[in-house]
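Chemist: I would like to see how this sequence folds:
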Amino acid sequence: MIQNSVSSGTRLPGRHFRNFSVRLSPTPRGARLARLLTVEQLRSWGMPMDPAGQIVAELAANAVTHGRVPGRDFRLTLYVIANTLRIEVTDTAGDRPPRLRPAGSEGDSESGRGLLLVEALADRWGWAPELHPRKTVWAEVVLPPEDVRSRHDS
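Modeler: Numbers count the residues shown, from 1 in each chain. Okay, the predicted model is just below:
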């Protein structure tokens, strides 16, 4: 189920609210699709695709690797409110909170660095428990003023 909304509030002239939400299978294919859908959605909104595409790739990979419960989908949601893009990935493993592993803590491991990348790319990130058994990991990216201006003109 894909939900897509674009609206301009009359109470806040010139401010736009946009959102996109989709449920995806908790598989590597679902994680790849999350990134592809994000890039395409941002392109359709006339917004920069980076670093959001990479952030979604990392959060979706975590959802299907660490937050996977067989038979339960994960949800990707994108919000644009004023000059902020908020990315949310909700999975069904609320009993397993995300853990930021310090650089070098896993030796030469090729995994376990996703949240370090999210922390480096996002302006803010965090997580919140949801209705049991869910949790949402989120990241926010403040958009450059020229991108905000160009969206208002379209």
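
Chemist: what's the burial count for the closest residue to residue 121 other than its chain neighbours?
Modeler: The shortest distance from residue 121 to any non-neighbouring residue, by C-beta to C-beta, 6 or more residues apart in numbering, is to residue 51 (4.0 Å). Any C-beta I mention is one placed from the backbone N, CA and C, and that applies to glycine too. A count of nearby residues for residue 51, using other C-beta atoms under 10 Å, gives 19.

Chemist: separation between residue 51 and residue 17?
Modeler: 21 Å (C-beta to C-beta, to the nearest Å).

Chemist: ok, back up a step: any idea of the pLDDT on the residue nearest to residue 121?
Modeler: You'll see residue 51 listed with a pLDDT of 97.

Chemist: cool, and residue 94?
Modeler: For residue 94, the predicted pLDDT is 87.

Chemist: Check for me that it belongs to a helix.
Modeler: No. Under DSSP: H, G, I helix; E, B strand; the rest coil, residue 94 falls outside any helix and is assigned coil.

Chemist: for the residue nearest to it when sequence neighbours are not counted, what are its contacts?
Modeler: Leaving aside its chain neighbours, residue 94 sits nearest to residue 135 (4.2 Å; criterion: C-beta to C-beta, 6+ apart). Residue 135 sits next to 67, 90-91, 93-94, 96-98, 127-129 when contact means C-beta atoms under 8 Å, 6 or more residues apart in numbering.

Chemist: So which of those is the closest to residue 81?
Modeler: Nearest to residue 81 among the contacts of residue 135 is residue 128, at 17.0 Å by C-beta to C-beta.

Chemist: Could you measure from that closest one over to residue 86?
Modeler: Applying C-beta to C-beta to residue 128 and residue 86 gives a distance of 12 Å.

Chemist: Who is the residue nearest to residue 94 paired with across the strands?
Modeler: residue 91, residue 129 (DSSP bridges).

Chemist: Also the one 4 residues further on?
Modeler: With beta bridges defined as DSSP bridges, residue 139 has these partners: residue 87, residue 125.

Chemist: What residues of the biggest helix by length in the chain count as buried?
Modeler: For the chain, the helix with the greatest residue count under DSSP state H is helix 28-44. Neighbour counts over helix 28-44 (16 or more other C-beta atoms under 10 Å) mark 30-31, 33-35, 37-39, 41-42 as buried.

Chemist: On the three-state scheme, residue 117 is what?
Modeler: helix.

Chemist: Does it touch residue 59 like I think?
Modeler: No. In this structure residue 117 lies outside contact range of residue 59 using C-beta atoms under 8 Å: 9.8 Å.
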